[in-house]
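Participant: after the sequence you'll find the predicted model.
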Amino acid sequence: MLINLIANHFEQNKIHLNLSSSYRLEKEIIERFPNEKMEYYRNGKRGRIYNKGINIRTGLNKALGSSPTPSKHTRCEKISKGRKLFVPESNADDCIKSLKFDNLTAEQFDNYWMACAQHRLHTIQNANSTSEIFEQWEHYKGPLGHRLINMDFGAMFDTTYSLLDNFNQYFPHILEFLNIEKKVKEREMIKLLESLRLEDFNENTRNVVILHCLHGYLIPTQKAVVKEKTGKNSTLKYTIKDSQEAFLFIAKSPQEVEDHLLHLQQRSGAIQPFVIAVGEGITECKDFFVYFDGVKFQFKSLIRAVDICFKTFHLFNLHYPIACSSFWTFIQLFFYKITPTSSNPRIQILIDFLKKKKNCE
């Protein structure tokens with residue numbers, strides 16, 4: 001606590017912390033507090049006070065918008081700008097050792113995990129790649145890694161808003177909006193929206209259908225420049241189907257899932273987070289997964305899977321897939337109240353409609 005207090009004092013008051021100042025402070029601490037020992041503060045030539053000051057300055061520079069280092073997954077500048085500064089806890093190393101080597105109960109594990117949250121979020125902000133993050137925090141890739149993502153998202157963002165809490169109440173309004181004339185033009189999606197009004201689907205099925213059809217309104221607007229085999233650059237324009245599959249890929253079997261993942265790896269190498277549904281068709285999906293960096297988290301609820309997928313993008317500071325960036329930007333802005341650096345008129349029209357409907361209730 002004392003080290004953090006000193007380092008933050010120098011940074012907040014814009015006082016340069018050099019080696020001689022840190023040496024002097026170490027000696028004064030020992031003089032004033034007889035129970036303290038020099039080895040608590042001197043762990044090398046520079047010392048812990050000086051190192052803490054450097055770490056805070058480095059973290060602040062990154063939070064203010066320094067250019068991120070290229071990584072396996074593209075880092076997302078629009079999310080990182082405006083993030084708060086995370087100051088690592090003084091006992092973080094002890095917590096990390098306990099997480100790795102102690103036989104902890106579930107409750108103890110959660111307590112130790114959150115006890116070093118600031119240190120972990122600081123390392124994530126300064127990491128060059130997701131593989132670097134997972135090398136240190138391997139528990140993210142475990143079967144319950146989605147719980148840890150959920151916990152850390154809560155520590156990273158000061159928001160109490162959630163898709164889980166609000167989607168059901170806005171479902172009928174989204175359906176009404178999409179059924180307005182010419183909002184969705186594809187015949188297949190028009191039939192699906194009509195079926196939502198006439199048939200009694202279970203919650204997962206109706207949510208699969210409405211989110212699938214939402215891409216028919218929030219059509220892809222961004223384009224990508226790709227290099228052809230000839231070496232020339234060409235512009236790639238994404239379709240509504242590209243947007244739908246970049247968000248939610250529906251497979252009839254686990255083998256079809258594996259074939260799709262292999263195809264994505266061969267095409268682009270790194271695969272951005274996305275949701276997978278397994279079932280015979282769009283109205284028969286039963287199992288849902290979030291795929292990220294070689295891991296599949298399984299869920300029984302589609303909305304829970306979408307929630308974790310969204311939080312994965314933000315926690316690890318990743319770009320949305322270009323094909324479905326309009327869809328994810330709407331989810332971010334409306335359901336989580338996290339302001340993006342850019343939007344588009346279609347998103348704002350939909351949001352205005354939903355707010356108006358809610359105010360009229």
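Facilitator: Received, thanks.
Participant: name the SS class of the closest residue to P143 other than its chain neighbours, please.
Facilitator: Distances taken as C-beta to C-beta, 6 or more residues apart in numbering put F297 closest to P143, at 7.9 Å, once the chain neighbours are dropped. The C-beta positions use only the backbone N, C-alpha and C, and glycine is treated the same way. The three-state assignment at F297 reads strand, by DSSP: H, G, I helix; E, B strand; the rest coil.
Participant: tell me the bridge partners for F297.
Facilitator: V290 (DSSP bridges).
Participant: my guess is it meets G145, correct?
Facilitator: Yes. Using C-beta atoms under 8 Å, F297 is in contact with G145, at 6.5 Å.
Participant: quick one: low-confidence parts of the stretch 1-150 of the chain?
Facilitator: For the stretch 1-150 of the chain, the stretches flagged by pLDDT under 70 are 43-45, 56-84.
Participant: about what we covered before: more crowded one of F297 and G145?
Facilitator: F297 (24 against 20; other C-beta atoms under 10 Å).
Participant: quick one: secondary structure of A224?
Facilitator: A224 is classified as strand under three-state DSSP.
Participant: return the residues in contact with Q244.
Facilitator: Residues near Q244 by C-beta atoms under 8 Å, 6 or more residues apart in numbering: 212, 215, 324.
Participant: ok, now with 7 Å
Facilitator: Q244 makes contact with 212, 215, according to C-beta atoms under 7 Å, 6 or more residues apart in numbering.
Participant: how far away is it from T205?
Facilitator: 16 Å (C-beta to C-beta, to the nearest Å).
Participant: go on, E258?
Facilitator: From E258 to T205 the distance is 24 Å (C-beta to C-beta).
Participant: same check on F109?
Facilitator: Using C-beta to C-beta, we find F109 at a distance of 35 Å from T205.
Participant: more neighbours: those two, which one.
Facilitator: Neighbour count, other C-beta under 10 Å: between F109 and T205, T205 has more, with 21 against 18.
Participant: re the thing from before, list the contacts for the residue nearest to P143?
Facilitator: Contacts of F297 (C-beta under 7 Å, 6+ apart): 145-146, 289-290, 308.
Participant: can you give me the strands for the stretch 1-150 of the chain?
Facilitator: Here the stretch 1-150 of the chain has no strands by DSSP state E, counting those that start in this stretch.
Participant: swap that for the stretch 151-300 of the chain, please
Facilitator: 223-227, 233-237, 248-251, 274-279, 285-292, 295-299.
Participant: list the buried residues of the fifth one.
Facilitator: When you say that, I think you mean strand 285-292. The neighbour-count check on strand 285-292 (16 or more other C-beta atoms under 10 Å) flags 285, 287-292 as buried.
Participant: could you check the angle strand 295-299 makes with that strand?
Facilitator: Per axes from the mean of the first three to the mean of the last three C-alpha atoms, to 10 degrees, the angle that strand 285-292 makes with strand 295-299 is 150 degrees.
Participant: any idea how far H122 is from the nearest residue to H16 once chain neighbours are set aside?
Facilitator: Leaving aside its sequence neighbours, H16 sits nearest to F10 (C-beta to C-beta, 6+ apart; 7.6 Å). Separation of F10 from H122 (C-beta to C-beta) stands at 18 Å.
Participant: next: R206.
Facilitator: Here R206 is placed at a distance of 41 Å from H122 (C-beta to C-beta).
Participant: quick one, which of those two is more surrounded?
Facilitator: Taking other C-beta under 10 Å, R206 and H122 do not tie; H122 has more neighbours (22 against 19).
Participant: my guess is the more buried one contacts P88. True?
Facilitator: Yes. Using C-beta atoms under 7 Å, H122 is in contact with P88, at 5.1 Å.
Participant: intersection of neighbour lists for the two?
Facilitator: By C-beta under 7 Å, 6+ apart, no residue touches both H122 and P88.
Participant: before we move on, the earlier item: the buried residues of strand 285-292 into CSV, with extra columns for distance to I338 and pLDDT?
Facilitator: Below are these laid out as CSV (distance: C-beta to C-beta, whole Å; pLDDT from 0 to 100):
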residue, distance to I338, pLDDT
C285, 28, 94
D287, 29, 93
F288, 23, 97
F289, 24, 97
V290, 19, 97
Y291, 23, 95
F292, 19, 90
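Participant: now, among the residues you listed, which is nearest to Y170?
Facilitator: F288 (19.9 Å; C-beta to C-beta).
Participant: tell me the contacts of the closest one?
Facilitator: By C-beta under 7 Å, 6+ apart, the contact set of F288 is 275-277, 299, 302, 305.
Participant: give me the neighbour count for the closest residue to L236 other than its chain neighbours.
Facilitator: Beyond its immediate neighbours in the sequence, the residue positioned closest to L236 (C-beta to C-beta, 6+ apart) is A224, lying 4.5 Å away. Using other C-beta under 10 Å, A224 has 13 neighbouring residues.
Participant: gap between A224 and P321?
Facilitator: In this view, A224 and P321 are 10 Å apart by C-beta to C-beta.
Participant: what do you get for E186?
Facilitator: 20 Å.
Participant: okay then, goodbye and thanks.
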